[in-house]
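Chemist: okay, sequence plus prediction incoming.
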Amino acid sequence: MMRHEIRHPWQLLYRVYRHVKPVMEREFAAWYRRAGEIPDAELRKQALSSMTTKKFHCQGGAVYAAQALSYVDHLVPLIVAYQTISDYLDNLCDRSTSLDPQDFRHLHRSMQDALTPGAPLHDYYRYREEKDDGGYLAALVETCQRHAAQLPAYAKVQERVLELSLLYSDLQVYKHIAHAQREAELLAWWRKYQERYPEIYWQEFSAVTGSTIGIFALFCLATDEKLDDETIAAVDAAYFPWVCGLHILLDYLIDLEEDRLGGDLNFVSYYSSTEEALERLQYFVERAKESVAGLPNEPFHRMIVDGLVAFYLADRKVNRSQPAIYTIARQLLRQARGLPGVLFYLNSLLVRR
């Protein structure tokens, strides 16, 4: 099944609103209702909170399905369920009653099981007090398994999506342990990959691993039964580190002041100055645009890069009361210039505000 070429921003927005959004809203609403039925009060609270505050993650991820409209009824439920697991576990770890890395790692085993059709389920709450979610996490895992199995070339991308999922899980473990330990653990982890990614800093590598959109890009490739290894490698290299890194660095940028006040880990805060932060983010924009050149459906991936900049910098946190963030945002938006950048920025204002 060939993927649908998308050459213009209006074409992408039409497909998203006409074909993708209705399925995304249906799936999201069903999981929100299911989350509200979780018996354990703390698990229910975190499931609902993650969906209330992070719905835009599912909205953004589902955009990838616009490339393969014939598979929208498998891709969108798969992306929404996988992203819902990600956001739910992030809340469980971030606002945790536990600081146990074994607990965090076992929770995140669900993300690898979700990517392995036919894999047996595990007791993901084994190392924490709160356990009774009424089958919520297991149902999310099984939904991912069921829809991934329907993608004709999924076996060709499965090894890499599992690797990306394990890196994501590693990050979630290291960033949520005791404050005094987390930076040392992240640095030790980075040293294992430093030679492979010499152009990025340790905090940027951590940011790259925190994105799920590389996995979603590979899901969409898997709708093509003629998919070859060269295409998988090219898309993977574009997303990891450049597009994924841009994604999460922008996310941390808009949360910079909020995280400083809350004492939360923020990878943008590790830059030595506002000038360095701007320079590195501009570098990621440039490298992301270079790296998607020549990919199948190249215009779509270029729009993703412009769309990421527009989507995050349209957030209400980007305002004159936070001059450092505002200054960086203005400069980055100039890189997403032209009709695509303007159109995505205006659309993002509607979605984010």
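Modeler: That came through, no problem. Keep in mind that what you see is a predicted model, and the values were worked out from it rather than measured.

Chemist: next secondary structure after whichever strand or helix holds Ala217?
Modeler: Secondary structure assigned from DSSP states H and E places Ala217 in helix 213-221. Sequence-wise, the next helix or strand downstream of helix 213-221 (DSSP H and E) is helix 229-237.

Chemist: model confidence over stretch 54-64, on average?
Modeler: Mean per-residue pLDDT for stretch 54-64: 93.

Chemist: oops, could you answer that again for stretch 128-145 instead?
Modeler: Here the average pLDDT along stretch 128-145 is 97.

Chemist: what's the answer for stretch 244-258, then?
Modeler: On average, stretch 244-258 scores 92.

Chemist: can you check stretch 168-177 too?
Modeler: Here the average pLDDT along stretch 168-177 is 95.

Chemist: just the pLDDT for Asn319.
Modeler: Taking Asn319 on its own, its pLDDT is 71.

Chemist: correction: the previous question concerned Val309.
Modeler: 85.

Chemist: that one is in what secondary structure piece?
Modeler: With DSSP H and E as the test, Val309 turns up in helix 298-313.

Chemist: can you check Tyr14 too?
Modeler: With DSSP H and E as the test, Tyr14 turns up in helix 9-15.

Chemist: contact partners for Val141?
Modeler: Counting by CB atoms under 8 Å, 6 or more residues apart in numbering, Val141 makes contact with 85, 110, 113-114, 121. C-beta coordinates here come from the backbone N, C-alpha and C atoms, glycine included.

Chemist: so Gln150 sits right up against His74, yeah?
Modeler: Yes. The pair Gln150 / His74 is scored as a contact, 4.6 Å apart, by CB atoms under 8 Å.

Chemist: comparing these two, which shows the higher neighbour count?
Modeler: Between Gln150 and His74, counting by other CB atoms under 10 Å, His74 is the more crowded of the two (22 against 16).

Chemist: coming back round to it: tell me the buried residues within the contacts of Val141.
Modeler: 85, 110, 113-114, 121 (16 or more other CB atoms under 10 Å).

Chemist: ok, of those, which one's closest to Gly294?
Modeler: Gly294 lies nearest to Ala114 out of the buried ones among the contacts of Val141, by CB to CB, at 31.1 Å.

Chemist: so that closest one makes contact with Thr84?
Modeler: No. Contact criterion CB under 8 Å: Ala114 and Thr84 do not qualify, at 10.2 Å.

Chemist: compute the first-to-last residue distance for stretch 60-79.
Modeler: End-to-end distance of stretch 60-79 (CA to CA, to the nearest Å): 10 Å.

Chemist: what residues does that stretch touch?
Modeler: Residues contacting stretch 60-79 (CB under 8 Å, 6+ apart): 1, 3-4, 6, 12, 15-16, 19-21, 23-24, 27, 58, 80, 83, 143-144, 147-148, 150-151, 212-213, 216-217, 219-220, 223, 297, 300, 304, 307, 311.

Chemist: same deal with stretch 119-129?
Modeler: When contacts are defined by CB under 8 Å, 6+ apart, stretch 119-129 is touched by residues 96-98, 100, 102-103, 106-107, 109-110, 112-113, 131, 133, 137-138, 141-142, 145.
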